[in-house]
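Engineer: I would like to see how this sequence folds:
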Amino acid sequence: MRFIVDAQLPPSWANILKEAGHEAMHTRELPDGNDTSDSFIIEMATTQGWVVITKDTDFLYSFLTTGRPPRLVLVRLGNMRLRNINMALSNNVNLLIDCLNEGSLIELWPDEIRIVY
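Structural biologist: Predicted structure coming up:
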């Protein structure tokens, strides 16, 4: 699977996903870095098959109103130490992939992963 990790999340998430065998990048790797517009990320995800991982609810509103990006992981972890936020992903990568194979909007909460759509 291909993932683009949005600016509010640590670049280490892209590394965790790569270590799990997926293609992944953080927005800082894009030409405009963390200043890349949401619309550019949405277009890239839509045309190139990337799953957007973000805390930004603007992506949720876009998904709900336009269906874009086609697959979205909305992170609902709140404020956590970097070690804990990294563990939240690394301990659940396989479950997250399973959920993305079943749905297109996934929420990652501290105690569960929900398939919303």
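
Engineer: for the protein, just list every one of the helices.
Structural biologist: 12-19, 38-48, 57-66, 82-90, 93-102 (DSSP state H).

Engineer: and those, which is most packed in?
Structural biologist: helix 12-19 (a mean of 18; mean count of other CB atoms under 10 Å). The C-beta positions use only the backbone N, C-alpha and C, and glycine is treated the same way.

Engineer: so how far is that one off the chain centroid?
Structural biologist: In terms of CA atoms, centre = their mean, to the nearest Å, the centre of helix 12-19 is set 11 Å apart from its chain centre.

Engineer: show residues contacting it.
Structural biologist: 3, 5, 23-26, 29, 53, 82, 86, 89-90, 93 (CB atoms under 8 Å, 6 or more residues apart in numbering).

Engineer: just the CA trace of it, in PDB.
Structural biologist: The C-alpha coordinates for helix 12-19 follow below in PDB (Å, rounded to 0.1, in the frame of the first residue of the first chain):
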ATOM      1  CA  SER A  12       8.900   8.600  11.700                       C
ATOM      2  CA  TRP A  13       5.400   7.300  10.700                       C
ATOM      3  CA  ALA A  14       6.600   7.100   7.100                       C
ATOM      4  CA  ASN A  15       9.600   5.000   8.300                       C
ATOM      5  CA  ILE A  16       7.400   2.700  10.300                       C
ATOM      6  CA  LEU A  17       5.200   2.100   7.300                       C
ATOM      7  CA  LYS A  18       8.300   1.500   5.100                       C
ATOM      8  CA  GLU A  19       9.700  -1.000   7.600                       C
END
